[in-house]
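Asker: Quick one, fold the following:
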Amino acid sequence: MPVYNNYISVPRFKRIGYHIKSTRTISTTSVFNLESGEMIMPSLSRRKFAQKSKSESAKSSKSSLKSSPDSAIDLKIESPPLVLYGPPKESSGALLSGLIHIDNEQGKEWESFTMTLLAETLNKRPVHGACSDCATQVDVINRWTFISATTTASARRDLLLSYPFSYLLPGHLPASNDNALSRISYTLVARAIAADGDEVQFKKSITVERSILPGPDRHSVRVFPPTTLSATLKLPSVVHTGSDFAIDVRLDGILNKAKNTRWRLRKVNWRIDENSKAVSPACKYHSAKLGGAGKGVAHEDIRTVGFGDIKTGWKSDFESADGKIELEIMAGIPAHTKAACQLDAANGSTVEHILVVEMIVAEEHKPAGPSRLVTPTGAARVLRMQFKLVVTARSGLGISWDEEAPPMYENVPAAPPSYGIPDSRTSFSYAAIPPPLAQMLNGV
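Answerer: Reported below is the predicted structural model:
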C-alpha cells in the first residue's frame, strides 16, 4: 500500500478496515470496510498462511553487499537543515542539495551509480509481529541516476567522480517522527556497481522537521453553569518540546450577592496528553487475518507528557463587583518524556496534544461587617477545561527556501551615478605635483 506520493496533499484511504485499540479503553474489535460502511466479523481461527520461499526470505533480510576497499562513497549536504515551514497545506517545502562523489583510487570503470531518497514507516504494533513486511513500509521519494549505460567511459574511470544533486521536498510530506505507535524516518541510499562486479553502498539518515511559526496568543473563555463562574485563559499559539510556557488564567464571577457566598480557589492541576493514532496495514501474506486485502488495524495510544499542580500563588480580589482570581501557570513538556511533535501524515499516522486544566473551588459564606470568620458551605466543584496545543519544532534562524530568492528587477533600487569622462580641454596644473612625478606625467 503506498504511503507517500508527491501528488497527495491530504490523507486518502480507501477500502481499509480497522480494529480500534487504545491504551485506556478498547471500544470494539470489529473490522469495518470504509467504502461500503458494513461491519465485517473476520474469522480469527488459527490457520497457516502461505510461507515465503527461501529466496524471498533471504531477499527481505539484510543482503550481503560486497564492498571494495579501494573505493568509497562520500556525501556532503550543502543546504541548510531541512525544515518545512507552516502547516502541510501551506508549506512550500524544503530544498535538499549537496555533493556526492566516489574516491576511485584504482580507476575502476563504474557501470551504475544511483542514489535514492527513501521514506520508511515503522509500525510498532504490526498485524503480525514476526513479519517485516507488516512492520515496515518503504516508499521512494526521489531517485538520482549519476552513471548509466549512456555515460562516457572516460567519466567512469576518473579517480574522483563528483556529482551535485538537489531536490525540493514537497511541503505535505510528514516530518521525521517517533511516537508510541509509529516511526517515520528518511534515508539517502547510494549504490555504485563496478564493471568487475564490486558493489559499494552508502547510507545517510536525514532529519526532516516541521516548524509552525508563532502567531498571536490565543484567548479562550469557558463558562461553568449553573454557577456564575467563568474562566479566561491566554495560551501561546505554538509550544516546543523541552521548554516551558506561561498560561494566564482569570476566574470571574466568584461572588454571589444573592446567597452572600463566594468561591475560593483551593488547587489547580494541569497535564498535557499526547494522543497518537496509526494504521498498521497487512501484507499480502497476512491480509486474510483481517478478512481480505486492503485492510489494516487502527491503534490509538494516549500518554501524559507533562503534568503539575499549584496550591498557592494566586491573587484573590473579593472587593470588586463580581470578584476575580488571577494566576499564572508555568506548564511545559520535559525533554526526558521524548514527546513527538504534531503530525498528520497521509498514511493515517496522527499525533495531537491536549492541555487539560482542572481548578478545584470551594464555596464559603462571605463574612459580614468587620468580622473575618469564614464558614464553609461544604459545596465544591471541579472546573475542567481542555485546549488543543500545537507542538512543533523550533524555527531556528533559517527561513523558507522561496524567501531566499534574489530580488526581482523592479525591486532593485536605482544604480549610483556614473563617473564622467574628463574633457581633454580641461586645464591642469602640475604646480602642486612633485618634480619627479610631474616629469613622468609629461613623458620626460
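Asker: Helix, strand, or coil at the residue nearest to Ile141 when sequence neighbours are not counted?
Answerer: Computed as Cβ to Cβ, 6 or more residues apart in numbering, the closest residue to Ile141 that is not its neighbour in sequence is Leu117, at 4.3 Å. To be clear about C-beta, it is placed using only N, CA and C from the backbone, and glycine gets the same treatment. The local conformation at Leu117, judged by DSSP: H, G, I helix; E, B strand; the rest coil, is strand.
Asker: now do the one 3 residues further on
Answerer: For Glu120, the secondary structure call by three-state DSSP comes out as strand.
Asker: just Glu403 next, same as before
Answerer: Here Glu403 is helix, with the state taken from three-state DSSP.
Asker: Please give me every residue in contact with Thr377.
Answerer: Applying Cβ atoms under 8 Å, 6 or more residues apart in numbering to Thr377 gives the contacts Thr261, Glu363, Glu364, His365.
Asker: are any of those buried, and which?
Answerer: By neighbour count, with 16 or more other Cβ atoms under 10 Å, those hold Thr261, Glu363, Glu364 as buried.
Asker: ok, the last one touching Gly378?
Answerer: Meaning Glu364. No: shown here, Glu364 and Gly378 do not form a contact pair, counting by Cβ atoms under 8 Å, at 9.4 Å.
Asker: Just list the residues touching Gly171, thanks.
Answerer: Leu84, Gly86, Pro88, Glu90, Ser91, Ser92, Gly93, Ala94.
Asker: Could you look up the SS state of it?
Answerer: Each residue gets one of three states, and Gly171 gets coil by three-state DSSP.
Asker: What confidence value was assigned to it?
Answerer: If you check Gly171, the pLDDT there is 91.
Asker: what's the answer for the one 3 residues further on, then?
Answerer: Looking at Pro174, its pLDDT reads 93.
Asker: what does Ser36 give?
Answerer: Value listed for Ser36 in the pLDDT field: 41.
Asker: again, but for Cys134
Answerer: What the model reports for Cys134 is a pLDDT of 87.
Asker: Checking my notes, it in a helix, right?
Answerer: Yes: when three-state DSSP is applied, Cys134 is found to be in a helix.
Asker: Let me know the secondary structure of the residue nearest to it when sequence neighbours are not counted.
Answerer: In space, and not counting its chain neighbours, Cys134 is closest to Pro126: 4.0 Å by Cβ to Cβ, 6+ apart. Following three-state DSSP, Pro126 is assigned to coil.
Asker: hang on, isn't Pro126 packed against Ser280?
Answerer: Yes: using Cβ under 8 Å, Pro126 makes contact with Ser280 at a distance of 5.2 Å.
Asker: anything in contact with each of those two?
Answerer: Shared contacts of Pro126 and Ser280 (Cβ under 8 Å, 6+ apart): Cys134.
Asker: These two: which is more packed in?
Answerer: Between Pro126 and Ser280, counted using other Cβ atoms under 10 Å, the more crowded position is Ser280 (26 against 21).
Asker: Dig out what that one forms beta bridges with.
Answerer: Val297 (DSSP bridges).
Asker: Show the pLDDT at it.
Answerer: The predicted local confidence for Ser280 is 88.
Asker: Can you give me the distance of it to Ala340?
Answerer: 17 Å (Cβ to Cβ, to the nearest Å).
Asker: in the protein, which spans are helices?
Answerer: With DSSP state H as the criterion, the chain has helices at 54-60, 132-135, 153-156, 435-441.
Asker: which of the contacts of Thr377 lies closest to Val238?
Answerer: Relative to Val238, the closest of these is Glu363; by Cβ to Cβ it sits at 37.5 Å.
Asker: Spatially nearest residue to the closest one, not counting backbone neighbours?
Answerer: Closest residue in space to Glu363, ignoring its immediate chain neighbours: Ala379 at 4.1 Å, by Cβ to Cβ, 6+ apart.
Asker: From what I see, the one you found and Ala362 are in contact.
Answerer: Yes: the pair Ala379 and Ala362 qualifies as a contact (Cβ under 8 Å) at a distance of 7.2 Å.
Asker: quick one, which of those two is more surrounded?
Answerer: Taking neighbours as other Cβ under 10 Å, Ala379 and Ala362 compare with Ala362 leading, 16 against 12.
Asker: Tell me which residues touch that one, please.
Answerer: Trp263, Arg264, Arg266, Pro376, Ala379, Ala380.
Asker: contacting residues around the last one?
Answerer: The neighbours of Ala380, taking Cβ under 8 Å, 6+ apart as the test, are Arg266, Ile360, Val361, Ala362, Glu363.
Asker: can you do 7 Å?
Answerer: By Cβ atoms under 7 Å, 6 or more residues apart in numbering, Ala380 lies in contact with Ile360, Val361, Ala362, Glu363.
Asker: what bridges to it?
Answerer: Assessed by DSSP bridges, Ala380 has beta-bridge partners Ala362.
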